[in-house]
Each structure stands twice: as C-alpha cells, then as structure tokens.
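Undergrad: Let me see the structure of the following:
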Amino acid sequence: MIRWGSFESPDGIYKEVEMLRVYEMALRTWSDWLEFHVNPNKTQLFFVSMSPTHESGEDWGDGENCYSETEPVLKEEFWGSDTDPKTMRVVENVLDDLKTRGVDVQMLNITQLSEYRKEGHPSIYRKQWEPLTEEQISDPSSYADCIHWCLPGVPDVWNEFFTCKAEISDQNQISNPVRVLSNVVVKIFYNTHTHTQKITWDLLHPILYYTMILRWNRKKTHFPLIAILSLVFIVFTILYNERSIRQIQENPDHVLHHQEAPVTFVKANRINPAQEVLDRFSKCNSTRDYSGRKIAWVDRNDGQRQRVASERCDVASGKWVFDNTSYPLYKESECPYMSDQLACHKHGRPDLGYQYWRWQPHECNLKRWNVIEMWEKLRGKRLMFVGDSLNRGQWIAMVCLLQSVIPANKRSMSPNAPLTIFRSEEYNATVEFLWAPLLVESNSDDPVNHRLDERIIRPDSVLKHASKWEHADILVFNTYLWWRQGPVKLLWSAGKNGICEELDGLGAMELAMGAWADWVASKVDPLKKRVFFVTMNREWKHGSEGNCYDEKTPIDFEGYWGSGSDLPTMRMVEKVLSRLGSKVSVLNITQLSEYRKDGHPSIYRKFWETLKPEQLSNPPSYSDCIHWCLPGVPDVWNELLFHSL
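TA: Below you'll find the predicted structure:
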C-alpha cells in the first residue's frame, strides 16, 4: 500500500501497488537522495545484491528445504527458483541510471555465490523468540530458518568482497595509498612459502611501520611515495619468481598450460573481400579451444546513452484478463498467410480459450490495437523483423493483423526466402521478415535447410545480414533459442585455413551481440530509425510429470518465473542493451509470456517429419512448447510494439 501526501494530512491518498513496482519507486527515491546529498569524491557507495533463500529443496533434489543440509550445492551456475530476476534487473537499472548521473554505486554481487550455500542457514539451530507449537516440533523442517545465515559463515565472505572493493575515501591523507598498497601486499604475504615470508617481511616492515605512523599522525609527510612503490614492486617481483620456481619444481612439463590465454579485442564488421560466405556446406578443417578473443565495440554517441523513459508505468508488468468480446483481433481462417506451424485450430485443437486473453498492465492501459493507425505509422516505411522462428511467428501475426484492410489486388507476399516481404501498395509500405537466427553470419542462414550437426558462425560480423536490414525504418530483432543447442564453432573473419574455435552457447551469443551492437552503435540514428530488441522467449517445461500438453489456462500466480529462465543470458543482454541506450527500445515479453503455458501449439500443428509410433503413444514427448498458436500471445507482442511506436 502506498500513501501520497503527509501521514498527518487528512487528504492523503492510498493506492495498492504491486510490490516490485513499490520496490523500484523506493530505490528511485533513494537514488535521487544520493545524487543530491552525497559527494562521490568523498564517499564510497555500495549496494549488496539479494541474499537468496533455500526454502525449496526441490531445486537441488531433496524435496525439503535447508533443514539437515550439510554440504553446498555443487552444480556450477546453480540458481534457485526463489531468486527473482526481475528484482535484480530493477536494481541494476537503478544503479546504471545513477552512474549516468555521476554517482557510482558499486554492486557487491553476493547472490549466486550464496545460492550454492544451502547448508549455511541456521535451520532449527537458533534461538526461537516464540514457543514452538507441537506440530512444529514434530516436523523440524516446518520452522527451519532458511533465510538468515550462521556465523562464522557466508556473511564473512560478503565482508571479504567488501574489503577487496573498499578504499579509504579521505583524499587529503597521504596514508591512503600507503594503506591500500600495504593491504594488498599483506594479503599476498600470507599466501607465500616460509622462505619467502622472511624476505617479504624484511621489505614490508618499513612500509607497515611508516603506515602506522601516518595512521596516528595526520600531519603531512615528506616521505617519498615513489620509495613505497619501489618497495612494493620488489616484493611482487620476489613473489612472482618464488611462484614460478615452485611451479617448475612441482610440475616442470605443465607450467605454461595452466596460464589463461590473454584477452584480445577484435574489431567487428570489417569487410574482407577474400572471405568465403558461410552456407550449410561449410565445414571446419580443424577445431581448437576458444582463444579468449572478445568483440571491441564502442557507443559512438555516449552522450545519449541514457534511455529516455517514455512510460509512467511498466507495460510489461501486469496480468492476463479473459476477454472474449475484443479478442481475438482476427480469425485464424481469415488470414491467408497463416503458417501451418501456428494454426492450432486447423490442426485439431478443440479448445479456443487461448485466443481470448488480453494483457492488462497494472498501472496503465495498453494502447488498443488500431489497424488504420498502425498503417499510417508505416506509410512509406519498411518494418522488418529479424531473427529466428519465434520472430517469424511475430511477423506472421503482424501480417495477419494488418492484411484485412488491404484489398487483395493491392497486397502481395514474396515467395519464402531468407527475406520474405508483405507489401501494401496503398500505403507504399512493407512488413518483412529476415531469417537470421544467430544475428551474425552462420552456416544456418538457409530458412529451410538449417538442421545441421555442426553450427558455425562468424562471431565478429553481421555484414551479410546488415546489407538487407540496413535500409529498414523500423527493425525488430530477437535471438536466443538457437544459442541453447550446444557448443558453437567460431570462424573469425581473419581466420585462415578453416580453423575454428569452440565456445559454449552463452559465450558465443555474447560475441554475436557485441557484433550486432557495434553495427547499431555506428549506424543507427534514433531520430531516423527505430530499433527494437525482443527479450528472450524460452520453452515452457512444467516438470517430470509433463509439459505444455493439454494445458488450457494461463498461470495465475503473479510474478511467476519458470525455473528454466536463464538469468546469465538475461543479464548479458541487459548489459549490452544498456550501453546502447536510446538507440534500442526493449520489447520486454519474457514474463508476460511465461504465464501463457496454454498458448503453445503442443501437438496441434503440422510436423515436418513423420512421427514415430513411440511419439504418437506419448503426446507430451512431441509437444511443441516453444512456438505460439495464432491468434494468441504474439499478437500481444505486436500490441506492445504498436504502443511503443
């Protein structure tokens, strides 16, 4: 509950607001106070990320909670279902916004490292401030504290993080650099061999002694800082030599193999006339480990990095409302461009309830669809969807939404190809789809024949696809699903002899996003071209007992996030988009689509390969829980686009 106005005033207004929105409002108020009342040159600021709970043992396979847990979760990159990615993004957005205003609040990111520590909570071993009931005593897990942490324990590591990041803020004391340098050396000192400790201590002694003098005597000193730096350099040299000698003594054949390759940055989107175009016949002559190369891209318009908020409320935060009066916005049978992959009713789906749901934001109304108004927005323009089959579904939905008011002799559809175009003569406008599932050039760029055993990409170039999309006026991009299908082979533009590198999907996606962002940063003028990025849309898997098969209603648990939501991918994409600022608008469709377990084709679609008897006997085994029935959820994505335009 929120109150506007003073608590003493009888004219105060109360309003019930969703908790996440209230949390964001509180953070914004806090950030405004920091901007005007804190001098960042004198005060270091930190924000601790959310501390996870371990209330659901199903996350790590126990079926209870943290009660009787004695070991950490050992699965790397583990995320519990209680961790709220939306809350995490709110915090990140507020801190990023503060940074653009000159206030740097450092994030102490303790969330995932704490996720592993299911055994670190008090459980039942703490003082209980209220007498336990007989039911609780008979079931210890029912009153286990899986929120707080035992000490010594996990919070000590949080403080170690803080100690590493914190610096003395008083710039007038020369003791600051001395103390910082000596602290660094002390930390290394305690991790060396006894023989080296004696030498190190002899060198550290004058530094630490002088540091103590400065700590208690605030008068300015004339002790030359360069002498201290020289001593530290000598210490580090000794430590490095000691470590190298020890490695050679312990394992002379493998010393260099454990050193990580240095990171090098590659300029994206360079034209190479001798470069062969990738197609489905391309192969890697050999494959080696990933070299560590990254994409170098810089926002050429840093002054406009901050994204301008055009909404007073978050249209992605809301609920689904059953509305069989206004929806569906068109009929499946009346759209001649409907895909057999998405025409669920045509392929036997008996229930039509999935067509009648309207998205209702919590604090405002979504702009209602108006086909004539949308055509006027598109008059004389090219609207192009770029991406995979999910973006193709959104494009088909848009064509179905638009085509009804255009006479048959005034509209046309080009044959299926990498670039497919729907054209309206009356409005001199096109609605196009470009098949580019990985954004960068790949051997999967054939819209029909792209099922390959080996996926190869040019991680540093979008030029092949950009030559087709660069003149569009409105661009809608997506990419996600194809990065979930195992390791990816990287064939760099400057690579020779078909030598590839292999990298996991998330790492490869980050490289591709960097190449795409380089094009956006250098080529897009937001006053002339609108660019949208559609957030990830994952497969809905219910669990071991089934999936989207036979689901007929949305999930009505507000704030629901599926356990498969990929937080690292979401954070990576948000990081890239935040650097692009006003050049890219985000169509945030992830959570609103999460609710719609009923909206997938399931078994009611055309399957391009003959189903096996084992599949036919077990319908959930071949259910399509990735794509979406039309009319349905993708129409709402297009309403969000219409609203944003």
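Undergrad: Next one: Asp289 relative to Leu490, how far apart?
TA: Separation of Asp289 from Leu490 (C-beta to C-beta, to the nearest Å): 11 Å. (C-beta placed from N, C-alpha, C; glycine too.)
Undergrad: cool, and Thr53?
TA: According to C-beta to C-beta, Thr53 stands 39 Å off from Leu490.
Undergrad: list residues touching both of Asp289 and Leu490?
TA: When contacts are counted by C-beta atoms under 8 Å, 6 or more residues apart in numbering, Asp289 and Leu490 have Glu501, Glu502 as shared neighbours.
Undergrad: between these two, who's got more neighbours?
TA: Leu490 (27 against 9; other C-beta atoms under 10 Å).
Undergrad: List phi and psi for the more buried one.
TA: phi -110, psi 120 (degrees, to the nearest 10).
Undergrad: cool, Asp289 as well?
TA: Backbone torsions of Asp289, given as degrees, to the nearest 10, read phi -70, psi 150.
Undergrad: who are the neighbours in contact with it?
TA: Neighbour list for Asp289: Glu501, Glu502 [criterion: C-beta under 8 Å, 6+ apart].
Undergrad: For it, name its beta-bridge partners.
TA: Note on Asp289: beta-bridge partners by DSSP bridges are Glu502.
Undergrad: now the helices: where do they sit in the stretch 251-400 of the chain?
TA: 371-378, 389-403 (DSSP state H, counting those that start in this stretch).
Undergrad: Adding mean pLDDT and distance to Thr43, write these out as JSON lines.
TA: Below are the helices of the stretch 251-400 of the chain laid out as JSON lines (pLDDT from 0 to 100; distance: least, C-beta to C-beta, whole Å):
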{"stretch": "helix 371-378", "mean pLDDT": "96", "distance to Thr43": "47"}
{"stretch": "helix 389-403", "mean pLDDT": "96", "distance to Thr43": "46"}
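Undergrad: To Glu276, which of the ones you listed lies closest?
TA: Comparing the helices of the stretch 251-400 of the chain against Glu276 with C-beta to C-beta, the closest turns out to be helix 389-403 (26.5 Å).
Undergrad: Just the CA atoms of that closest one, as PDB, please.
TA: What follows is helix 389-403, C-alpha atoms only, in PDB (Å, rounded to 0.1, in the frame of the first residue of the first chain):
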ATOM      1  CA  SER A 389      11.200 -18.800 -35.900                       C
ATOM      2  CA  LEU A 390       9.800 -17.000 -32.900                       C
ATOM      3  CA  ASN A 391      10.300 -13.700 -34.600                       C
ATOM      4  CA  ARG A 392       8.900 -15.200 -37.700                       C
ATOM      5  CA  GLY A 393       5.800 -16.000 -35.700                       C
ATOM      6  CA  GLN A 394       5.500 -12.400 -34.500                       C
ATOM      7  CA  TRP A 395       5.900 -11.300 -38.200                       C
ATOM      8  CA  ILE A 396       3.100 -13.600 -39.300                       C
ATOM      9  CA  ALA A 397       0.900 -12.300 -36.500                       C
ATOM     10  CA  MET A 398       1.600  -8.700 -37.600                       C
ATOM     11  CA  VAL A 399       0.800  -9.600 -41.200                       C
ATOM     12  CA  CYS A 400      -2.500 -11.200 -40.100                       C
ATOM     13  CA  LEU A 401      -3.300  -8.100 -38.000                       C
ATOM     14  CA  LEU A 402      -2.700  -5.800 -40.900                       C
ATOM     15  CA  GLN A 403      -3.800  -7.600 -44.100                       C
END
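Undergrad: and the angle from that helix to helix 371-378?
TA: If you take axes from the mean of the first three to the mean of the last three C-alpha atoms, to 10 degrees, helix 389-403 sits at 110 degrees to helix 371-378.
Undergrad: so what does the following helix or strand past helix 389-403 touch, helix or strand wise?
TA: On the C-terminal side of helix 389-403, the nearest following helix or strand under DSSP states H and E is strand 411-413. Contacts defined by 3 or more C-beta pairs under 8 Å, 6 or more residues apart in numbering; DSSP states H and E place strand 411-413 against strand 419-424.
Undergrad: Go again with 10 Å.
TA: Strand 411-413 sits against helix 389-403, strand 419-424, with contacts defined as 3 or more C-beta pairs under 10 Å, 6 or more residues apart in numbering; DSSP states H and E.
Undergrad: Could you export the ones you listed as TSV, including mean neighbour count?
TA: Output for the helices and strands packed on strand 411-413, formatted as TSV (neighbours: other C-beta atoms under 10 Å):
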stretch	mean neighbour count
helix 389-403	24
strand 419-424	19
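Undergrad: what number of residues lie near Gln275?
TA: So Gln275, with other C-beta under 10 Å, has 17 neighbours.
Undergrad: Sorry, slip of the keys, the one I care about is Val73.
TA: Number of residues near Val73 (other C-beta under 10 Å) recorded here: 18.
Undergrad: So what does the residue most central in space within the chain have for phi and psi?
TA: Nearest to the mean C-alpha position of the chain, by C-alpha atoms, centre = their mean, lies Met570 at 1.2 Å. Reported as degrees, to the nearest 10, the phi and psi values for Met570 are phi -60, psi -40.
Undergrad: show me the contacts for the closest residue to it other than its chain neighbours.
TA: Once flanking residues are discounted, Met570 sits nearest to Pro85: 5.8 Å by C-beta to C-beta, 6 or more residues apart in numbering. Going by C-beta atoms under 10 Å, 6 or more residues apart in numbering, Pro85 touches Trp79, Trp561, Ser565, Asp566, Leu567, Met570, Arg571, Glu574, Thr590, Gln591.
Undergrad: Which elements pack onto the host helix or strand of the last one?
TA: Gln591 is part of helix 590-594, with elements assigned from DSSP H and E. Using 3+ C-beta pairs under 10 Å, 6+ apart as the contact test, the elements touching helix 590-594 are helix 85-100, strand 318-322, strand 357-361, helix 633-644.
Undergrad: Of those, which is nearest Ser621?
TA: helix 633-644 (23.2 Å).
Undergrad: any idea how far that closest one is from the chain center?
TA: Relative to its parent chain, helix 633-644 has a centroid offset of 21 Å by C-alpha atoms, centre = their mean, to the nearest Å.
Undergrad: So which other helices or strands are in contact with it?
TA: When contacts are defined as 3+ C-beta pairs under 10 Å, 6+ apart, helix 633-644 sits against strand 357-361, helix 371-378, strand 382-387, helix 389-403, strand 474-477, strand 530-534, strand 585-587, helix 590-594.
Undergrad: That's all I had, so thanks and see you.
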